[in-house]
Structures are given as C-alpha cells and as structure tokens.
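**Student:** model this:
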Amino acid sequence: MPLALVAQDWPSYGGDPGGMKYSPLEQINRRNVQQLEVAWEYDTGDSSDGRTQFPSRSAFATTPLVVDGRMYFTTPFHRLISVEPETGKELWAFDSKLNKANRVNLYTSRGSAYWNAGDRLFLANQDGFLFSIDPADGKPDQAFADNGRLDLKTGMMHPEGRYGLTSPVSLCGDMVIAGGWVTDGRPRGASGDVRGFDARTGKLAWTFHTVPRPGEFGHDTWEGDSWKDRSGTNAWSIITVDEANQMAFVPIGSPSTDYYGGDRKGDNLFGNSLLALDCETGERKWHFQTIHHDLWDWDLASPPNLIEIVRNGEQVQAVAQITKTGFIFVFDRLTGEPLFEIEERPAPQGEIPGEQYSPTQPWPVRPPPLTRHSMTADDFTHVTPESRAECLEMTKDAVIESPLFRPTQEKLTVIFPGTNGGPNWGGGSFDPETDTLYVNSMDVGKVAQMVEIEDGDPAYRSRGTRWGRFWDSNEHPCQKPPWGHLTAVDLNSGEFRWRVVLGEYDELTAKGIPKTGASNLGGSVVTKGGLVFIAATNDSRFRAFDKDSGELLWETRLPASGHASPMTYLGKDGRQYVAIAAGGGNKYNKTYMAKMIVFALPEGSQ
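**Tutor:** Down below sits the predicted model:
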C-alpha cells in the first residue's frame with residue numbers, strides 16, 4: 001500500500017490503552033527537528049478568564065486522538081471537535097451543553113475516548129454526563145442510554161458537593177470504565193466510586209466502592225461510621241487498561257476533606273491507592289496504598305504507565321505509578337509485587353487535637369524522588385533581593401524545616417511538595433527501546449496553617465486550612481532554583497539517566513539569570529526518532545529534547561502555555577505531525593485561549 005494511504009494513528013489518550021505515550025514514528029528526528037514549523041492551527045474560542053463572562057477560569061488540557069484519518073479533541077467547554085489531521089479543516093463539532101454558569105475549580109476536559117470494537121467516541125463532561133458519539137458525523141448514538149446520553153450522577157450524588165468528569169473514560173473490551181471528579185472541601189459529598197458500563201447500551205455492569213462498605217475488604221481502615229457518604233477517594237485522572245489481561249489500573253485520590261482527617265481515623269483505603277481491577281467484574285485484583293491517611297491532598301494524579309522492563313534477565317509486565325511526592329512505585333502488574341523495595345518508614349507526627357497520624361509512610365528505595373521534600377532556612381531564594389525579602393517576610397513566624405509527611409500545624413508551616421506536586425496528571429512517557437521513563441516535575445511548596453472552623457453542624461466540625469503556594473507576588477518560588485525538571489529514569493536499574501532544568505521566567509532571563517526551571521502541568525511524548533516533546537511549562541514554550549542525552553534540540557514559543565500532553569501521528573499525506581493544545585490559563589497563567597497548534601517538517605523536506 002502506498003505510504004500516502006497509510007496513517008499512523010493515536011487512538012488512546014496515552015497513545016495506547018496502557019498509557020506509554022510512545023510513538024514509533026521517526027520522520028521527525030534528532031537531525032531535522034530544528035526545521036519544525038506550524039502546519040496548521042485551530043482556534044476553538046472556548047476560554048474563560050473567570051471574570052468577563054463565566055465564573056470559572058479555563059484550562060485547555062486536551063490530548064487529541066487520531067483514528068482512521070480524523071482528529072478528535074475536546075475543548076474547555078466540553079465540546080468535541082473533529083478535523084482533518086493534515087489541515088485542521090473542521091468536519092463536525094458536538095456540544096455537550098456544559099452549564100458554564102456553575103462555578104468549578106477550572107473548566108477542564110483532558111480528552112475523549114475511542115471504542116474500536118463499536119466505532120464510537122465517548123465524551124464525558126463536568127456536568128456528569130457521558131455521551132456516545134458516532135465519529136463519522138458527530139451525532140449521538142441513539143441506542144446508548146437516553147438517546148446517546150448517560151447521566152453518571154445517578155447513584156453518586158449527595159446533597160453537598162458536585163460530580164463530573166474532567167478526564168476521558170477508559171475502554172476495556174466492551175466496558176466503559178469511569179471514575180469522576182468530586183468536590184473535596186467537605187467530608188460528605190458525591191461518591192468517588194469507580195464503575196463499569198456496557199459500551200453499547202450504557203447499562204451499569206459493576207461498581208467498585210472506593211470507600212469500602214461493611215463486609216468489604218478495607219472497611220476496617222475507616223473508624224466507626226466515618227465511611228458513610230465520604231467524598232473524595234476518587235479517580236479523577238486517567239485510568240489505564242491492560243486489554244490482554246482484562247485489567248484496569250486506577251489511580252485514586254485523597255479522601256475528603258483534603259487536609260483534616262480527625263473524622264476519618266484509620267489508613268482510609270482506597271485513598272491514594274493504585275488499584276488493579278478486573279475489567280469485566282470490577283473485582284479487586286490487588287492494590288497498593290502510597291499514602292496512609294492523607295492530610296496533604298497528594299492525590300494519585302498521574303496515569304499508571306503499563307510497561308515491560310527487565311528483571312533477572314526476563315521481561316516483566318509492569319506498572320509504574322508516579323506520585324505528587326515525586327516517588328515512582330513500580331510493580332509487577334499481574335501480581336502487585338513491588339519490583340523495587342518499598343520501606344515503611346517512621347513519619348512525623350502532628351499536634352492538631354482530634355487528629356490521628358499514620359506512624360509510618362511507604363518509601364520506595366529506588367528510583368530516587370523526583371522532587372524536593374523539604375528545605376532549610378539556608379534554602380531561601382537569592383534570585384532577586386526583592387523576592388528574597390518578600391519570601392522571608394511571608395514566613396517570618398513559620399516552621400520552615402519540615403520533612404516529607406510533616407502535617408500542617410496551627411503555626412504557619414512550609415511543606416514540600418505543594419498540592420500540585422511534584423509531578424501531576426501529565427505523568428510520564430515510556431521508551432520501550434531503552435526502558436526509560438521521562439517525567440516532568442516542579443518544585444513549588446505550600447505555606448499553610450490549620451485553623452479551627454465551625455459551620456453549625458456537629459458532623460462537620462473539623463479543622464480547615466488557610467494555605468497558599470510558596471512563591472512571591474510574581475509567582476517565583478521562594479526557595480533557590482531549579483524550580484522545574486525533566487528527568488529520564490532507567491526503570492531496569494532504578495537510577496536517573498539524566499536530568500535537566502525545564503522552563504524559565506522571561507523576566508529573569510532578561511536580567512541574565514540562568515534558567516531557573518518553571519511550574520508545569522501537562523506531560524510528554526517520546527518517539528523512535530530519538531525525541532521527547534514537552535510543553536507543560538508556564539513559559540509558553542514547546543520543546544524537544546534528545547531522549548538519550550537530555551540535550552535541548554528545539555524550542556518554539558506558543559501563543560499561550562501548553563498545559564497538556566502532546567501527541568504525534570502520520571497523516572495520509574505521509575507527513576508526521578506533532579500536536580499540542582495551547583491554552584494558558586489554568587493555575588499559572590493570565591493568558592486564556594484554546595488553540596490546537598500542529599507542527600510538521602516543511603513540505604517536501606526529507
């Protein structure tokens with residue numbers, strides 16, 4: 001078949017259902033990546049600054065799919081758009097009619113899911129609906145649920161809190177597997193349960209209770225009736241699947257409320273756990289809890305990477321779970337056996353009345369942590385005198401030298417990492433040629449203190465948190481740089497291959513200050529062409545690094561920061577393209593837009 005008729009697709013959020021984020025394409029490579037130019041742009045127009053028109057800010061976090069010669073991507077307002085992947089010409093657009101008047105943390109949609117067996121696209125939105133869409137014309141499948149729309153809120157709601165989806169659902173055989181986004185500022189609220197639905201009809205097939213009920217495994221990790229109507233403990237990020245073994249790998253977030261657990265004493269399974277489920281039945285195969293009784297909002301945000309690595313000379317089917325604390329936990333994906341030793345180490349204890357603190361927390365011996373865990377008084381920034389003075393003033397009465405897992409106190413406390421990590425939902429990309437995992441991370445701490453609150457209902461008497469990111473008024477972190485990294489981790493040895501500073505602040509660069517690294521949200525893709533593509537940073541840059549050395553080979557400026565994970569595909573015209581969503585906004589920018597930017601080598605180039 002002529003090359004012009006063959007398309008290399010990107011049919012899943014992570015390229016494959018297991019989320020490796022690897023491409024075998026090599027038309028764009030180390031030798032020619034400097035020639036990349038914009039091939040086309042598509043402006044969705046869906047953005048919000050949270051003031052002018054709608055009450056919430058937007059985040060353009062989507063990763064497109066390319067299937068059978070068509071591209072599909074979602075917008076911050078949860079529209080699903082199909083375009084020609086070679087030109088950006090719109091083919092159709094489906095509007096899920098998100099209620100934009102609702103105040104949410106961010107308008108976020110990380111993408112859609114394609115079901116190969118039934119040739120359907122699934123779009124979930126923050127209002128809690130799931131749509132089955134015909135990829136040919138963008139029309140709802142009338143045979144699915146209620147004329148193509150399934151209300152996922154059914155059986156999940158509580159008078160307090162909200163429920164929706166910010167990440168795509170996952171497909172395993174004929175099963176749609178859905179987690180959910182819930183509010184986590186109060187103990188009670190919408191359920192964080194994980195569910196399986198028939199992909200053809202929308203009929204509920206199974207439910208896994210992420211807060212175990214009486215008689216279920218793990219129920220004894222919730223003291224008394226603290227399990228009842230408990231919110232949080234949800235899978236808001238991307239669930240990856242092993243289709244051959246019919247297993248789903250679910251990253252679970254922290255229980256509610258995020259920073260106080262006096263009303264939920266115990267380890268609180270399955271909070272902060274990697275959960276392996278049977279796709280067909282929802283049965284638990286195994287689990288591992290990365291944090292006991294979380295008090296820091298260190299959700300499992302990164303999609304589990306399903307990979308193969310070498311142990312004792314043999315290939316092992318593995319899963320790597322990256323965490324906000326910068327740890328990488330690596331397991332045999334079939335059994336849950338750790339492939340690097342994990343120690344239960346003594347954890348610092350706190351002083352908040354009524355709270356219970358876990359005496360130990362799990363630490364993987366290898367790989368080394370990707371992010372800062374603490375600081376000393378000597379670590380305050382010297383980047384500018386003004387920044388140093390501001391940061392010292394902010395923390396003049398604070399507890400500075402706080403090790404990992406130090407609980408927030410009534411006295412102002414500096415904690416590393418902050419609530420966004422470390423690594424976050426961008427996760428990692430894995431190169432099967434070298435068994436290397438590429439992970440971007442940031443070093444932005446948190447400054448917080450516990451303050452007693454009362455709302456009139458004894459069931460909600462707890463202690464809340466007054467908190468803020470540990471940076472100055474220019475959003476420059478208060479500790480010495482680097483503030484962001486891209487790290488290549490050899491998962492056979494558990495050692496770093498290389499580590500480079502990722503990102504910069506233009507105003508500091510203009511002063512001659514060496515690149516500091518920058519806050520980042522979004523992930524990377526690695527290719528057979530020897531490249532790691534990543535945007536993510538809040539400096540509006542899109543970069544390509546040599547996957548073997550970490551050398552920066554190409555950099556371009558986007559119209560807004562690309563807080564998303566890129567992807568790459570081969571068009572029917574025989575050209576390789578690289579796509580990134582440029583939206584700015586999110587938690588780190590004051591520029592708001594939603595443009596899909598696609599790059600390629602110049603036409604006719606070799």
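
**Student:** in terms of secondary structure, what does the longest helix seen in the chain contact?
**Tutor:** In the chain, with assignment by DSSP state H, the single longest helix is helix 385-394. Other helices and strands packing on helix 385-394, by 3 or more CB pairs under 8 Å, 6 or more residues apart in numbering; DSSP states H and E, are absent; none qualifies. Placement of C-beta: from N, CA and C, glycine included.

**Student:** which strand residues bridge Pro364?
**Tutor:** When bridges are called by DSSP bridges, Pro364 pairs up with Ile342.

**Student:** pretty sure Gly14 is touching Leu65, no?
**Tutor:** No - Gly14 is not in contact with Leu65 according to CB atoms under 8 Å; the separation is 10.7 Å.

**Student:** contacts for stretch 281-290?
**Tutor:** The contact list for stretch 281-290 (CB atoms under 8 Å, 6 or more residues apart in numbering) reads 194-196, 205-208, 217, 247, 267, 269-278, 300, 321, 323, 325, 327, 329, 331, 335-336, 338, 362.

**Student:** do stretch 222-232 as well
**Tutor:** With CB under 8 Å, 6+ apart as the test, stretch 222-232 has contacts from 158, 161, 182-184, 186-192, 211-213, 219, 253-258, 263-266, 268-269, 271.

**Student:** re the thing from before, next SSE downstream of the longest helix of the chain?
**Tutor:** Using DSSP states H and E, the next helix or strand after helix 385-394 towards the C-terminus is strand 413-415.

**Student:** per-residue confidence for the most centrally placed residue in the chain?
**Tutor:** What sits nearest the mean C-alpha location of the chain, by CA atoms, centre = their mean, is Trp425, with 1.1 Å. Looking at Trp425, its pLDDT reads 97.

**Student:** quick check: chain neighbours aside, which residue is closest to it?
**Tutor:** Using CB to CB, 6 or more residues apart in numbering and skipping the chain neighbours, the partner closest in space to Trp425 is Ala301 (4.5 Å).

**Student:** can you count the residues close to the one you found?
**Tutor:** 22 (other CB atoms under 10 Å).

**Student:** helix, strand or coil for it?
**Tutor:** coil (DSSP: H, G, I helix; E, B strand; the rest coil).

**Student:** over to Glu507?
**Tutor:** helix.

**Student:** doesn't Glu475 make contact with it?
**Tutor:** No - taking contacts as CB under 8 Å, Glu507 lies outside contact range of Glu475: 10.7 Å.

**Student:** out of the two, which sits in the busier spot?
**Tutor:** Glu475 (16 against 11).

**Student:** pretty sure the more buried one contacts Lys590?
**Tutor:** No - the criterion here is CB under 8 Å, and Glu475 misses it with Lys590 at 9.8 Å.

**Student:** CA atoms only for stretch 399-419, dumped as CSV, please.
**Tutor:** Taking Å, rounded to 0.1, in the frame of the first residue of the first chain, the C-alpha atoms of stretch 399-419 are listed here in CSV:
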residue,chain,number,x,y,z
VAL,A,399,8.0,26.4,60.7
ILE,A,400,10.5,26.2,57.8
GLU,A,401,12.4,22.9,58.2
SER,A,402,9.6,20.4,57.7
PRO,A,403,10.4,17.0,56.3
LEU,A,404,8.2,15.0,54.0
PHE,A,405,4.9,13.9,55.6
ARG,A,406,5.1,16.7,58.2
PRO,A,407,1.5,17.5,58.9
THR,A,408,0.3,21.1,58.7
GLN,A,409,0.2,22.7,62.1
GLU,A,410,-1.6,25.6,63.8
LYS,A,411,1.6,27.5,63.3
LEU,A,412,2.3,28.5,59.7
THR,A,413,4.2,25.6,58.1
VAL,A,414,6.2,25.3,54.9
ILE,A,415,5.5,22.0,53.2
PHE,A,416,7.1,20.3,50.1
PRO,A,417,5.8,19.4,47.7
GLY,A,418,2.7,21.6,47.4
THR,A,419,-0.7,20.3,46.5
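
**Student:** buried residues, that stretch. List them.
**Tutor:** Going by neighbour count (16 or more other CB atoms under 10 Å), the buried part of stretch 399-419 is 399-400, 402, 404-409, 412-419.

**Student:** how distant is the longest helix of the chain from the center of its chain?
**Tutor:** On the basis of CA atoms, centre = their mean, to the nearest Å, helix 385-394 sits 31 Å off its chain's mean C-alpha point.

**Student:** sort out which residues of that helix are buried, please.
**Tutor:** Buried residues in helix 385-394, counted by 16+ other CB under 10 Å: Ser387, Arg388, Glu390, Cys391, Met394.

**Student:** of those residues, the lowest pLDDT goes to which?
**Tutor:** Among the buried residues of helix 385-394, Met394 carries the lowest pLDDT, at 91.

**Student:** and it, how close does it get to Ile352?
**Tutor:** As judged by CB to CB, to the nearest Å, Met394 and Ile352 stand 22 Å apart.

**Student:** likewise for Gln315?
**Tutor:** Where Ile352 is concerned, Gln315 sits at a distance of 48 Å (CB to CB).

**Student:** ditto for Phe122
**Tutor:** From Phe122 over to Ile352 (counting by CB to CB), the distance is 43 Å.

**Student:** can you pull out the strands in the stretch 101-250 of the chain?
**Tutor:** Taking DSSP state E, counting those that start in this stretch to define them, one finds strands in the stretch 101-250 of the chain at 107-108, 113-115, 120-124, 129-133, 149-151, 163-164, 170-172, 175-178, 181-182, 194-198, 204-208, 240-242, 247-251.

**Student:** deepest of those, which one?
**Tutor:** Stretch with highest mean neighbour count among the strands of the stretch 101-250 of the chain: strand 107-108 (a mean of 28; mean count of other CB atoms under 10 Å).

**Student:** and it, how far out from the chain's middle?
**Tutor:** Relative to the centre of its chain, strand 107-108 is centred 13 Å away, using CA atoms, centre = their mean.

**Student:** run through the neighbouring helices and strands of it.
**Tutor:** Contacts defined by 3+ CB pairs under 8 Å, 6+ apart place strand 107-108 against strand 58-59.

**Student:** distance between the helix or strand following the strand it packs on and the chain's centre?
**Tutor:** With elements assigned by DSSP H and E, the helix or strand that comes after strand 58-59 is strand 65-67. Here strand 65-67 is found 20 Å from its chain centre; the criterion is CA atoms, centre = their mean.
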